[in-house]
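Colleague: Coordinates for the following, if possible.
(one chain, ligands or ions: 1)
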Amino acid sequence: MIKIVIIGSGNVAQHLITAFKKADGIDLIQVFTRKKESLLHLLDSQFIIDDYSNMLEADLYIIAVSDNVINEVSTQFPFQNRLVVHTSGSISMDELSNKNRKGVFYPLQTFSKNKHVSFNEIPICLETEIEKDYQILEAVAKAISNKIYTISSKQRKAIHVSAVFVCNFVNHLYQIGNEICIENNIPFAILKPLIEETASKIESLSPIYAQTGPAKRNDSQTINTHLNFLTNENQKEIYKLLTKSIIDNGKKL
Ligand SMILES: NC(=O)c1ccc[n+]([C@@H]2O[C@H](COP(=O)([O-])OP(=O)(O)OC[C@H]3O[C@@H](n4cnc5c(N)ncnc54)[C@H](OP(=O)(O)O)[C@@H]3O)[C@@H](O)[C@H]2O)c1
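Modeller: As a prediction, the model looks like this:
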């Protein structure tokens, strides 16, 4: 059994706790959080600590806290030369404290505490300083997912920037679409089959070939009608910028 301690009680920590509790070959022996009550719905209180000095010896320590405190948390561990990893898409492995062996265990998905995810399908990006530690991380990742990737800190940064475009920005565009629907007494649900087909299209087509719409056709009359329709200056700017990007991209074909 691989013994694991998790640090954190947020979105990622809670999903990892749920996944590890069900996983074969994994023994989640402890979770550190500053607010013990935030994990009582998932764990018996004996498994939750709020003092670093009570940390048990484990094969792996997974830091799943806000990006800007990863280094600070890693420096507080009262031990040396153990395997300590973080779960961030954007923080370099080197930012972990030098007193322990370093690695990264980055699950590439959007996690919210109250939204179930199936870990099986979530890509897990792994990085370690030494090969022996990679084998431990790989065994842990394989216990909860079928999609394991070896990814350097530089590549992970690129993945994270891509993820902001394909997840966070796309979701923001859903929000704009939702606002426009509300303003015009249209149920947002009417757009859901379109959203689903757009996402599923890239299973078989590269995004550049899946693109449709007035910008792809360079249909200037329709583009101007849309710009006249929009009253919100921010929405207009986003529309213009994305339209230009799609037109410029079309020239590459
Ligand atoms: N959410 C996602 O979709 C996602 C996906 C992949 C990777 N990640 C990465 O996973 C990590 C955690 O993200 P998250 O979404 O789970 O964050 P989150 O829900 O905001 O939770 C942040 C956690 O950090 C803890 N924390 C903050 N400051 C701390 C400190 N000084 N000492 C100890 N703990 C502290 C918080 O503890 P308290 O409750 O005590 O404040 C909380 O448990 C981040 O590195 C993030 O980049 C997130």
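Colleague: Pull the contacting residues for residue 17.
Modeller: For residue 17, the contact set (C-beta atoms under 8 Å, 6 or more residues apart in numbering) comprises 6, 28, 31, 39, 42, 43. For glycine as for every other residue, the C-beta is placed from the backbone atoms N, C-alpha and C.
Colleague: can you redo those residues as a markdown table with neighbour count?
Modeller: A markdown table is the format used below for the contacts of residue 17 (neighbours: other C-beta atoms under 10 Å):
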| residue | neighbour count |
| --- | --- |
| 6 | 28 |
| 28 | 21 |
| 31 | 26 |
| 39 | 21 |
| 42 | 15 |
| 43 | 19 |
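Colleague: Which single one of those is nearest to residue 62?
Modeller: residue 6 (5.0 Å; C-beta to C-beta).
Colleague: Which strand or helix spans that closest one?
Modeller: strand 2-7 (DSSP states H and E).
Colleague: hmm, that strand touching the ligand?
Modeller: No. Using C-beta under 6 Å from any ligand atom, strand 2-7 stays clear of the ligand, coming no nearer than 6.8 Å.
Colleague: Show me which residues of this structure are close to the ligand?
Modeller: 8-13, 33-35, 38, 64-67, 69, 72-73, 87-89, 107, 110-111.
Colleague: hmm, try it at 5 Å
Modeller: Selection of the chain residues close to the ligand by C-beta under 5 Å from any ligand atom yields 8-12, 34-35, 64-67, 69, 87-88, 110-111.
Colleague: Quickly name whichever of these is closest to residue 244.
Modeller: Using C-beta to C-beta, these come closest to residue 244 at residue 110, 27.7 Å.
Colleague: Look up the pLDDT of the closest residue to the ligand within the stretch 1-150 of the chain for me, please.
Modeller: As assessed by C-beta to the nearest ligand atom, the ligand sits closest to residue 10 within the stretch 1-150 of the chain, at 2.0 Å. Looking at residue 10, its pLDDT is 97.
Colleague: try residue 250
Modeller: For residue 250, the predicted pLDDT is 82.
Colleague: Could I get the contacting residues of it?
Modeller: Counted by C-beta under 8 Å, 6+ apart, residue 250 has contacts 211, 215, 216, 218.
Colleague: Return the entry from the residues you listed with the maximum number of neighbours.
Modeller: residue 215 (23 neighbours; other C-beta atoms under 10 Å).
Colleague: Against the ligand, how distant is the closest residue in space to that one that isn't next to it in sequence?
Modeller: Using C-beta to C-beta, 6 or more residues apart in numbering and skipping residues adjacent in sequence, the residue nearest residue 215 is residue 246, 3.7 Å away. Distance, residue 246 to the ligand, by C-beta to the nearest ligand atom, to the nearest Å: 28 Å.
Colleague: Phi, psi for residue 246 please.
Modeller: phi -70, psi -40 (degrees, to the nearest 10).
Colleague: Quick one: neighbours of it, just the number.
Modeller: Number of residues near residue 246 (other C-beta under 10 Å) recorded here: 18.
Colleague: other SSEs contacting the helix or strand containing residue 160?
Modeller: Under the criterion of DSSP H and E, residue 160 resides in helix 153-163. Contact here means 3 or more C-beta pairs under 8 Å, 6 or more residues apart in numbering; DSSP states H and E; on that basis helix 153-163 packs against strand 101-107, strand 124-128.
Colleague: Distance from it to the middle of the chain?
Modeller: The chain centre lies 11 Å from the centre of helix 153-163; the measure is C-alpha atoms, centre = their mean, to the nearest Å.
Colleague: cool, and stretch 45-65?
Modeller: Using C-alpha atoms, centre = their mean, the offset of stretch 45-65 from its chain centre is 23 Å.
Colleague: which phi and psi does the residue lying closest to residue 190 once chain neighbours are set aside have?
Modeller: Nearest residue to residue 190, sequence neighbours excluded (C-beta to C-beta, 6+ apart): residue 181, at 7.4 Å. The phi/psi pair for residue 181 (degrees, to the nearest 10) reads phi -60, psi -50.
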